[in-house]
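Chemist: quick one, structure for this:
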Amino acid sequence: MDLEKELQKAVSRIRPLDPEAMEESCRHWDGIAKPLGSLGKLETAVTQIAGIQRRADICIEKKALIIMCADNGVVAEGISQSGPEVTAAVAENFYDEKSCVAIMCRKCGTDLFPIDIGMAMDTPRTEKHKIAHGTKNMAEEPAMTREEALTAIRVGMAKVRELKEQGYQLIATGEMGIGNTTTSSAVAAAFLDLPAETVTGRGAGLSSEGLSRKIRVIREALKLHQPDPSDPLDVLAKVGGFDIAGLAGVFLGGAVLGIPVVIDGVISAVAALTALRIAPACGDYMIASHVSGEPASRLLLQALGKEPFLTCGMRLGEGSGAVALFPLLDFASEIYHKMACFPDAGFGQYEHLE
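Modeler: Below you'll find the predicted structure:
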């Protein structure tokens with residue numbers, strides 16, 4: 001079976017969320033001794049997870065962060081302050097708690113899985129699923145072939161299956177790769193039909209001159225390749241990155257296997273939108289963590305139909321925004337399971353008046 005047919009067969013197994021589990025979850029929330037709906041999005045998230053897990057008695061104790069690490073040939077155009085050596089260094093730092101998100105993961109009990117899906121340099125410890133040593137330079141040629149894009153998606157889906165078999169119940173998405181705000185901005189511009197300058201930010205800290213160059217490179221790449229927004233694989237292959245493709249596979253895998261997947265920032269959101277365009281049913285399995293400081297972030301969340309929990313102006317990447325949501329979800333789960341219900345609280349139950 002070719003990769004495209006394999007993908008279509010896999011996503012055809014995505015089911016709607018379980019309405020009975022969600023209704024039971026809502027009834028349980030209404031029976032807890034507090035004003036109705038007073039925990040807002042925390043209640044909504046638990047009910048969504050109930051629908052995903054197909055049971056009202058949710059469990060999100062075992063959590064993982066998948067970080068797709070890849071380099072992008074477009075850095076040759078001078079759109080970043082640094083190069084592939086930084087991708088390799090940070091990928092190794094994940095193992096030694098020298099990165100921001102590694103420290104966050106330790107604090108909130110999350111296991112971290114960095115994956116080399118396309119780094120230009122090889123590292124000793126990063127899990128190897130390398131498609132190539134970085135993508136091609138999209139300013140001159142398509143970033144990857146369609147088959148490479150499909151292979152990267154399959155890597156992400158396979159990792160979700162592996163984690164599901166190991167008992168993981170909640171997955172966050174992250175990435176590491178110099179130049180990936182350029183590729184993600186290009187994909188966002190293609191999908192949202194917006195000019196490059198509307199969706200492009202400074203990334204890791206470009207000067208105004210550098211930002212202008214970045215916008216020009218994206219605009220010219222889109223003009224050169226004419227990616228077809230009705231064909232998400234075409235967009236991904238022409239102006240995307242291996243990290244975006246791998247994360248799209250994570251979102252698709254979560255939907256196929258019934259695991260909630262948390263969106264991080266703009267690059268993760270681009271991957272989520274790619275997955276949504278491939279299989280619209282997978283959107284119900286996504287949870288948006290935060291709105292990042294990148295210009296495209298809010299636009300992408302709107303296209304996904306998602307509201308973020310956090311508005312911190314974060315733009316670090318690595319999955320840091322997604323992992324920042326985990327303590328809030330843990331609070332919600334603890335309240336949901338342990339808070340007294342009205343018969344035990346000593347006062348009458350609130351009623352839905354309207």
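Chemist: measure stretch 225-244 end to end?
Modeler: In stretch 225-244, first residue to last residue: 18 Å (C-alpha to C-alpha, to the nearest Å).
Chemist: what about the strands in the stretch 201-350 of the chain?
Modeler: Along the stretch 201-350 of the chain, counting by DSSP state E, counting those that start in this stretch, strands occupy 261-263, 286-288.
Chemist: show me what the last one is in contact with.
Modeler: This points to strand 286-288. Taking contacts as C-beta atoms under 8 Å, 6 or more residues apart in numbering, the residues outside strand 286-288 that touch it are 45, 48, 251, 254, 260-263, 269, 272, 276, 301, 304, 306-309, 325. No exception for glycine: its C-beta is placed from N, CA and C like everyone else's.
Chemist: return the set of buried residues in that strand.
Modeler: Within strand 286-288, the residues that qualify as buried are 286-288, counting by 16 or more other C-beta atoms under 10 Å.
Chemist: ok, the residues you listed vs residue 205, which is closest?
Modeler: residue 288 (24.8 Å; C-beta to C-beta).
Chemist: can you check the pLDDT for the residue lying closest to that closest one once chain neighbours are set aside?
Modeler: Leaving aside its sequence neighbours, residue 288 sits nearest to residue 306 (C-beta to C-beta, 6 or more residues apart in numbering; 3.7 Å). Note for residue 306: predicted pLDDT of 98.
Chemist: residue 306: neighbouring residues, count only.
Modeler: Residue 306 is surrounded by 19 other residues when neighbours are defined as other C-beta atoms under 10 Å.
Chemist: go ahead and confirm it touches residue 261.
Modeler: No. Counting by C-beta atoms under 8 Å, residue 306 does not reach residue 261; the two are 11.8 Å apart.
Chemist: columns pLDDT and distance to residue 104 on top of the buried residues of strand 286-288, output as CSV?
Modeler: Converted to CSV, these look like this (pLDDT from 0 to 100; distance: C-beta to C-beta, whole Å):
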residue, pLDDT, distance to residue 104
286, 98, 20
287, 98, 17
288, 98, 18
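Chemist: so residue 206 sits against residue 82, correct?
Modeler: No. Under the criterion of C-beta under 8 Å, residue 206 is not in contact with residue 82, lying 11.1 Å apart.
Chemist: which one of the two has more residues nearby?
Modeler: Neighbour comparison, residue 206 and residue 82: the larger count goes to residue 206, with 20 against 14 (by other C-beta under 10 Å).
Chemist: what about the helices in the stretch 151-300 of the chain?
Modeler: 180-192, 196-199, 208-225, 232-239, 242-257, 266-278, 296-304 (DSSP state H, counting those that start in this stretch).
Chemist: for residue 55, find the nearest of these.
Modeler: Taking C-beta to C-beta as the criterion, helix 242-257 is the member of the helices of the stretch 151-300 of the chain that comes nearest to residue 55, at 15.1 Å.
Chemist: mind checking how far the closest one is from the chain centre?
Modeler: Distance of helix 242-257 from the chain centroid (C-alpha atoms, centre = their mean, to the nearest Å) equals 8 Å.
Chemist: stretch 17-27 too?
Modeler: On C-alpha atoms, centre = their mean, the centre of stretch 17-27 falls 25 Å from the chain's centre.
Chemist: any idea of the mean pLDDT for it?
Modeler: For stretch 17-27, the mean per-residue pLDDT is 98.
Chemist: kindly report the same for stretch 323-340.
Modeler: Mean pLDDT, taken over the full extent of stretch 323-340, equals 97.
Chemist: go on, stretch 48-59?
Modeler: Throughout stretch 48-59, pLDDT has a mean value of 98.
Chemist: can you give me the end-to-end span of it?
Modeler: This stretch, stretch 48-59, spans 12 Å end to end (C-alpha to C-alpha).
Chemist: residue 5 and residue 189, how far apart?
Modeler: For residue 5, the distance to residue 189 (C-beta to C-beta, to the nearest Å) stands at 29 Å.
Chemist: and residue 69, that one's in a strand?
Modeler: Yes. Counting by DSSP: H, G, I helix; E, B strand; the rest coil, residue 69 is part of a strand.
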